[in-house]
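1. Predicted coordinates and the sequence they were generated for:
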Amino acid sequence: MQHQRRFARVKPSGLVSRQAKIITDPKAPVINCTLIDYSPGGACVDLGGQVKIPDRFELLHVNTRKRCRVAWRRGTKVGVVF
């Protein structure tokens, strides 16, 4: 059973960077990730490895910093809501 998304997701294209950073704690090192798609209400990121991240963190993409909550996890991909 699939649920309708509240916002349509779009893939970064053109000159928009796909690279993002996850900030778990101001004193901890940032975690590099790849932005798969995004919408005004959330995003999908690929961690690229078996990195453990907490359920709440900040996502830094280009010049935007958003507080996130993990909605789902599948392998190295994580869905977050803003």
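-> Structure received.
2. alpha carbons only for contacts and neighbour counts from here, please
-> OK.
3. gap between the two ends of stretch 55-69?
-> Length of stretch 55-69, first residue to last, C-alpha to C-alpha, to the nearest Å: 6 Å.
4. Can you list the buried residues in it?
-> Residues of stretch 55-69 classed as buried: 57, 58, 59, 60, 61, 68, 69 (neighbour count, 16 or more other C-alpha atoms under 10 Å).
5. and which of those residues is nearest residue 42?
-> Nearest to residue 42 out of those is residue 68 (C-alpha to C-alpha; 8.0 Å).
6. give me the number of residues near the residue nearest to the closest one when sequence neighbours are not counted?
-> Of all residues not flanking residue 68 in the chain, residue 82 sits nearest, at 4.8 Å (C-alpha to C-alpha, 6 or more residues apart in numbering). By other C-alpha atoms under 10 Å, the residues close to residue 82 number 15.
7. Quick check: residue 82 vs residue 61, distance?
-> Separation of residue 82 from residue 61 (C-alpha to C-alpha): 13 Å.
8. repeat for residue 77
-> Note on residue 77: its distance to residue 61, by C-alpha to C-alpha, is 16 Å.
9. again, but for residue 43
-> Relative to residue 61, residue 43 is positioned 11 Å away (C-alpha to C-alpha).
10. what's the answer for residue 20, then?
-> Separation of residue 20 from residue 61 (C-alpha to C-alpha) stands at 5 Å.
11. Now flag whichever of the buried residues of stretch 55-69 is closest to residue 35.
-> Nearest to residue 35 out of the buried residues of stretch 55-69 is residue 61 (C-alpha to C-alpha; 8.3 Å).
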